[in-house]
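Student: sequence first, predicted coordinates after that:
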Amino acid sequence: MMPTDLIVIGGGPGGYITALRAAQLGAHVTLVEAEYLGGVCLNVGCIPTKALLASAEVYHVVSRSAEFGVRAAKPEADWPAMQARKADVVAKLVGGVRMLLGRAGVDVVEGHAHLSGPGTVAVDGAGGMQTWAAPRIVIATGSSPLTLPIAGADLPGVLDSTGALALEALPASLLVVGGGAVGLEFATLFATLGSQVTVVEMLPRLAPLADADVGDTLRTALLLQGAKVHVSTKITAIEAGRGALRARLQGPQGEVIVEADKALLATGRRPNVAGLGLEAAGVRYDRRGIQVNEHMATSVPGIYAVGDVTGGSMLAHVAMHQGAVAAESSLGHKARMRYDAVPSCIFARPEAASVGLTEQAAREQGYDVRVGRFPFNGNGKAIAQGEVDGFIKVVAEARYGALLGLHIVGAHASDLVLEGALGLTLEMTLDELAATIHPHPSLGEALAEAGLAALGRPLHLPKS
């Protein structure tokens, strides 16, 4: 039995950040990874998706170069070259994680791990079964795509997100089941590159967890990109047709048949809790994941859990923050998670990003709500860049002007939302937002204008 100060099960964003932070604090750390360092995010999730979306964005920009006074030949989408670039980006980042762990003195072990007793972890690796003893254990095993209980979900050509990233050729047509972040990003990717895309969402709008205005705007954007969108619609079956898949949809207009070369099931993820020995160790969990407190501690002293395996916000940046909290908490430092300022992003075209309460949620919680909106078609930098789609929406409490939420659709929304996350963390008010000097010309000026609009005195909106 090999001793270590802290053992981390899983090398994704939550796991490797736990290991790095614990090593910074002087712990001897062992990290066990069953498949690949960086987890889903770096290998078959966030990063490869964004690499392909970046290629699609270049294709889109070149296709409209004449608007900017630039003559260019009609662009061609070289999918194999895009895939090769994606693989190179992934390899660089995974190599970077391996280098960071090595420089920090973290021992990386390949194999499948499970809790085998009080303070012990058994690892089934290339060298057979080995056991580590540690007073602190952090579980960071991530999540996997949900499987829909519908007929035909196992047919060839029916993909999850990992399969969609590995396609060897662009599909002529694609059915995307699920209108959340993953579905919208893949819909944008393939629609931009010329596939005929159909999106199906069971709830009444796309991006159902976001502010209503966000979902409505993204639906319009997809329609303008040539996609078809069905909301309030369920998929009841997938069948093998002649050279294509046939999906049966049930919605407000009755049954609709959609044919597509490929179908992507993008309807959520489930925590990876099987095979970890949680029951034997007494760690409480349910179908939503391992139960943890604000210090990321489980029901068993000395055992912590972070990331998707805990359910909740299945976002890489949440897992990373949880990892740092778990490392600090386990080593006797004061650290806790707070979830009132977690930004979420959708890398569609245009991008969407939100933090804090939606307008509906704020009203449901009893706030007297004040809302300010500013469209990007009134922003000088957006007009100069030719990126005028979208808006910024500020949700605030009326009495004191306390910021409650920020919602953005538009270019660089994922970067701009940081101001709202910082504002919520620091308990910013509308007056403080308005008093902050924003650079000109910049997209960020629209943030200040949205705040002024909430105060009833926007400067760059015509008087009503």
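Tutor: Good, I have the coordinates.
Student: in the protein, where is pLDDT below threshold?
Tutor: Within the chain, no range satisfies pLDDT under 70.
Student: domain parsing for it?
Tutor: Domains of the chain are assigned by automatic domain parsing as 2-144+270-330, 158-267, 350-454.
Student: got TSV for the ones you listed, with mean neighbour count and distance to Ala151 too?
Tutor: Heads up, the C-betas are built off the backbone N, CA and C, glycines and all. Formatted as TSV, those follow (neighbours: other Cβ atoms under 10 Å; distance: least, Cβ to Cβ, whole Å):
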stretch	mean neighbour count	distance to Ala151
domain 2-144+270-330	19	20
domain 158-267	19	4
domain 350-454	20	33
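Student: what's the closest of those to Arg336?
Tutor: The closest of the domains of the chain to Arg336 is domain 2-144+270-330. By Cβ to Cβ, the value is 4.2 Å.
Student: so how far is the first residue of the closest one from its last?
Tutor: Domain 2-144+270-330 has an end-to-end distance of 20 Å (criterion: Cα to Cα, to the nearest Å).
Student: repeat for stretch 247-255
Tutor: With Cα to Cα, one end of stretch 247-255 sits 10 Å from the other.
Student: still on that earlier bit, need the domains of the chain in JSON lines (columns: distance to Asp340).
Tutor: As requested, those are exported to JSON lines (distance: least, Cβ to Cβ, whole Å):
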{"stretch": "domain 2-144+270-330", "distance to Asp340": "11"}
{"stretch": "domain 158-267", "distance to Asp340": "15"}
{"stretch": "domain 350-454", "distance to Asp340": "6"}
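Student: to Pro343, which of the ones you listed lies closest?
Tutor: The nearest among the domains of the chain, by Cβ to Cβ, is domain 350-454 at 4.2 Å.
Student: check the offset of that closest one from the chain's centre.
Tutor: Counting by Cα atoms, centre = their mean, to the nearest Å, domain 350-454 is centred 20 Å from the centre of its parent chain.
Student: looking at the domains of the chain, which is nearest to Val342?
Tutor: domain 2-144+270-330 (5.6 Å).
Student: quick one: the closest one to chain centroid distance?
Tutor: Mean C-alpha position of domain 2-144+270-330 versus that of the full chain (Cα atoms, centre = their mean) differs by 14 Å.
Student: and of the domains of the chain, who's closest to Leu461?
Tutor: Across the domains of the chain, closest to Leu461 is domain 350-454 (Cβ to Cβ), at 6.4 Å.
Student: got the end-to-end distance for that closest one?
Tutor: Using Cα to Cα, the two ends of domain 350-454 sit 24 Å apart.
Student: again with stretch 413-432
Tutor: 21 Å.
Student: do stretch 67-77 as well
Tutor: So stretch 67-77: terminal residues 20 Å apart, Cα to Cα.
Student: and for it, what's in contact with it?
Tutor: With contact meaning Cβ atoms under 8 Å, 6 or more residues apart in numbering, stretch 67-77 is reached by 56, 59, 62-63, 65-66, 170, 193-194, 386.
Student: run the last query once more with 7 Å
Tutor: 59, 62-63, 65, 170, 193-194, 386 (Cβ atoms under 7 Å, 6 or more residues apart in numbering).
Student: same check, this time on stretch 382-394
Tutor: Here stretch 382-394 has contacts from 67-68, 211, 213, 217, 221, 350, 371-377, 406-411, 441, 443, 446-447, 450-451, 454, using Cβ under 7 Å, 6+ apart.
Student: hmm, Trp162 is touching Pro48, no?
Tutor: If you look again at residue 162, you'll see it is Thr, not Trp. No: if you go by Cβ atoms under 7 Å, Thr162 and Pro48 don't touch, sitting 9.4 Å apart.
Student: overlap of the contact sets of the two?
Tutor: Counting by Cβ under 7 Å, 6+ apart, nothing touches both Thr162 and Pro48.
Student: so where do the helices sit in the stretch 251-400 of the chain?
Tutor: Here the stretch 251-400 of the chain has its helices, by DSSP state H, counting those that start in this stretch, at 278-281, 316-330, 359-364, 380-385.
Student: got the contact list for the third one?
Tutor: This means helix 359-364. Contacts of helix 359-364 (Cβ under 7 Å, 6+ apart): 211-212, 369, 371, 395, 404-405.
Student: just the residues you listed: which are in strands?
Tutor: In strands, defined here by DSSP state E, the members of the contacts of helix 359-364 are 369, 371, 395, 404-405.
Student: what is the nearest of those residues to Ala274?
Tutor: Taking Cβ to Cβ as the measure, Ala274 lies nearest Gly405 of the ones in strands among the contacts of helix 359-364, at 36.3 Å.
Student: wait, Ile17 sits on His321?
Tutor: No: applying Cβ under 7 Å, one finds Ile17 not in contact with His321, separated by 8.1 Å.
Student: can you pull the residues that touch both of the two?
Tutor: With the criterion set as Cβ under 7 Å, 6+ apart, the contacts of Ile17 and His321 do not overlap.
Student: what sits opposite Ile238 in the beta ladder?
Tutor: When bridges are called by DSSP bridges, Ile238 pairs up with Ala247.
Student: spit out the contact partners of it.
Tutor: By Cβ under 7 Å, 6+ apart, the residues touching Ile238 are 150-153, 155, 158, 245, 247, 263.
Student: now, which of the contacts of stretch 67-77 lie within helices?
Tutor: Per DSSP state H, helices hold the following members of these: 59, 62-63.
Student: same list, those residues, but as JSON lines with distance to Val32 please.
Tutor: As requested, the ones in helices among the contacts of stretch 67-77 are exported to JSON lines (distance: Cβ to Cβ, whole Å):
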{"residue": "Tyr59", "distance to Val32": "40"}
{"residue": "Val62", "distance to Val32": "45"}
{"residue": "Ser63", "distance to Val32": "46"}
